[in-house]
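Novice: Mind folding the following:
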Amino acid sequence: MTSSATTSPSLSSPAVLDGTGRTALVVGATGISGSATVDLLAANGWTVLALSRRPGTPRDNVRWISVDLQNAADLSQTLAAEKPSHVYITAWSRQATEEENIRVNGGMVRDLLAALDHAPLEHVALMTGLKHYLGSFDAYGKGEIPETPFREEEPRRAEQNFYYAQEDEVFAAASRRGFTWSTHRSHTVVGHAVGNAMNMGLTLAVYATICRVLERPFIFPGSETQWNGLTDMTDATVLAEQMVWASTHEAGRNEPFNVVNGDVFRWRWMWQRLADYFGVEPVGPGAEPQPLEQQMAGIESAWSTIAHDHGLAEADVSRLASWWHTDADLGRTMEVVTDMSKSRLAGFTTHHRTVDSFTALFDQYRAEKLIP
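Specialist: Numbers count the residues shown, from 1 in each chain. Now for the predicted structure:
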């Protein structure tokens, strides 16, 4: 079993504007991306308004605000006295259809910005993702896919997409109010959060732990395409740094940016490294994917026993692992690689190794007794 530093090393980091005298509103502050953004801003002296359904851990420079993003009246009342200069939107809510995704998620952004009409907004940064290129949940990977690596100048796809609806609400408010904006298209995000619906890092840590304790092979659940092809990922700290960089530098204003770690890898290489960390036997894909939802069916009681035996902090595996989301990412039958040239040339130079992002995250989970 190997270990690494508890923070993901970056080869270089952009200068982050000192936040003294500035107030940031982080929307979705307990999520993977939102919590990393809160951490970065607070560490750099910003006053942080951390907005989420439930408050997080008390800390210096951070004031928690609990509100329902789908309740316009609640938003308006709760934010009436708040005056952020910068807004970082990392929250969304998955619905049954893309039509509902558009209505709910576009509406949340519209109502949020309307509730801040009184605030001295300078910049709004919106997190989206590669469904900008790959299509919405209803049309994911269908039709004509842009050639990889994906580049920001690609036009929008023809079908409806809640990312586009969110962007349009930001653009409309920016035009009306005069603030600048940026959008940030991440790939699969690796970072620290518990109870998140799309957490590959914690999902793989829980899966590997189960394999070790129950003496099961660590079977890659996805497709041969993902196993053999090149891919990339996004460390939540890289996303946070890019969002803050774009919001505080001229080159980042009114621009969309891809955001990934900067390295590429093949899962057949990465899977061995993850297996080495946990001390399990790595096994590649079969002729057909072996999804985690199938492999881990009925595992709830076994995890509860593991948690009890090892004194872990969370016995409910459903709060730790999002089998379906990891299955969706690793089961794709297309190459997904992202170009970072635009932000590199603009001055954003942070670069992480994805294997370090994983192992640093696993170290943190172990320190917090989420895995043994």
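Novice: what about the residue nearest to Met198 when sequence neighbours are not counted, how many neighbours?
Specialist: Spatial nearest neighbour of Met198, excluding adjacent residues (C-beta to C-beta, 6 or more residues apart in numbering): His325 at 4.4 Å. C-beta coordinates here come from the backbone N, C-alpha and C atoms, glycine included. For His325, the number of neighbouring residues by other C-beta atoms under 10 Å comes to 18.
Novice: any idea how far His325 is from Thr203?
Specialist: Remark: distance between His325 and Thr203 (C-beta to C-beta, to the nearest Å) = 7 Å.
Novice: cool, Val124 as well?
Specialist: In terms of C-beta to C-beta, Val124 sits 31 Å off from Thr203.
Novice: Assign the residue nearest to Met198 to helix, strand or coil.
Specialist: At His325 the chain is in helix, as set by DSSP: H, G, I helix; E, B strand; the rest coil.
Novice: Give me the pLDDT value at it.
Specialist: We have a pLDDT of 89 for His325.
Novice: Thr7 too?
Specialist: Model confidence at Thr7 (pLDDT) stands at 42.
Novice: swap in Arg59?
Specialist: 88.
Novice: which strands and helices sit next to the lengthiest helix in the chain?
Specialist: Ranked by residue count, the top helix of the chain under DSSP state H comes out as helix 162-177. Contact here means 3 or more C-beta pairs under 8 Å, 6 or more residues apart in numbering; DSSP states H and E; on that basis helix 162-177 packs against helix 107-115, strand 123-129, helix 131-134, strand 180-186.
Novice: quick one, which of these is nearest to Leu41?
Specialist: strand 123-129 (11.3 Å; C-beta to C-beta).
Novice: What segments of the stretch 1-150 of the chain are strands?
Specialist: For the stretch 1-150 of the chain, the strands defined by DSSP state E, counting those that start in this stretch cover 23-27, 47-52, 62-66, 86-89, 123-129.
Novice: Would you mind finding the most buried of the ones you listed?
Specialist: Among the strands of the stretch 1-150 of the chain, strand 86-89 has the highest mean neighbour count (mean count of other C-beta atoms under 10 Å), at a mean of 28.
Novice: Contacts only, for the nearest residue to Glu224 once chain neighbours are set aside.
Specialist: Spatial nearest neighbour of Glu224, chain neighbours left out: Pro285 (5.3 Å); criterion: C-beta to C-beta, 6+ apart. Counting by C-beta atoms under 8 Å, 6 or more residues apart in numbering, Pro285 touches 219-224, 227.
Novice: For this structure, which residues score under the pLDDT cut-off?
Specialist: 1-20, 195-197 (pLDDT under 70).
Novice: and with 90 instead?
Specialist: 1-21, 53-59, 94, 136-145, 192-199, 286-288, 325 (pLDDT under 90).
Novice: Nearest residue to the middle of it?
Specialist: Against the mean C-alpha coordinate of the chain, by C-alpha atoms, centre = their mean, the closest residue is Val189 at 3.7 Å.
Novice: what bridges to it?
Specialist: Thr234 (DSSP bridges).
Novice: Pull out the buried residues from stretch 74-85.
Specialist: 75-76, 78-79, 82, 84-85 (16 or more other C-beta atoms under 10 Å).
Novice: which stretches of the stretch 151-300 of the chain form strands?
Specialist: 180-186, 189-190, 218-219, 230-231, 234-235, 255-259, 265-266, 282-283.
Novice: residues in contact with the second one?
Specialist: The list of residues contacting strand 189-190 from outside it, by C-beta under 8 Å, 6+ apart, reads 32-33, 198, 200-201, 233-236, 239, 354, 357-358, 361.
Novice: Tell me how many other residues surround the residue lying closest to Arg103 once chain neighbours are set aside.
Specialist: The spatial neighbour of Arg103 that comes closest, neighbours along the chain excluded (C-beta to C-beta, 6+ apart), is Gln95 at 7.7 Å. Gln95 has 15 neighbours, counted by other C-beta under 10 Å.
Novice: Likewise for Ala96?
Specialist: 8.
Novice: where's it relative to Glu147, distance?
Specialist: Counting by C-beta to C-beta - Ala96 and Glu147 are separated by 32 Å.
Novice: check contacts around Asp235.
Specialist: Counting by C-beta under 8 Å, 6+ apart, Asp235 has contacts 8, 189-191, 261, 352, 354, 357.
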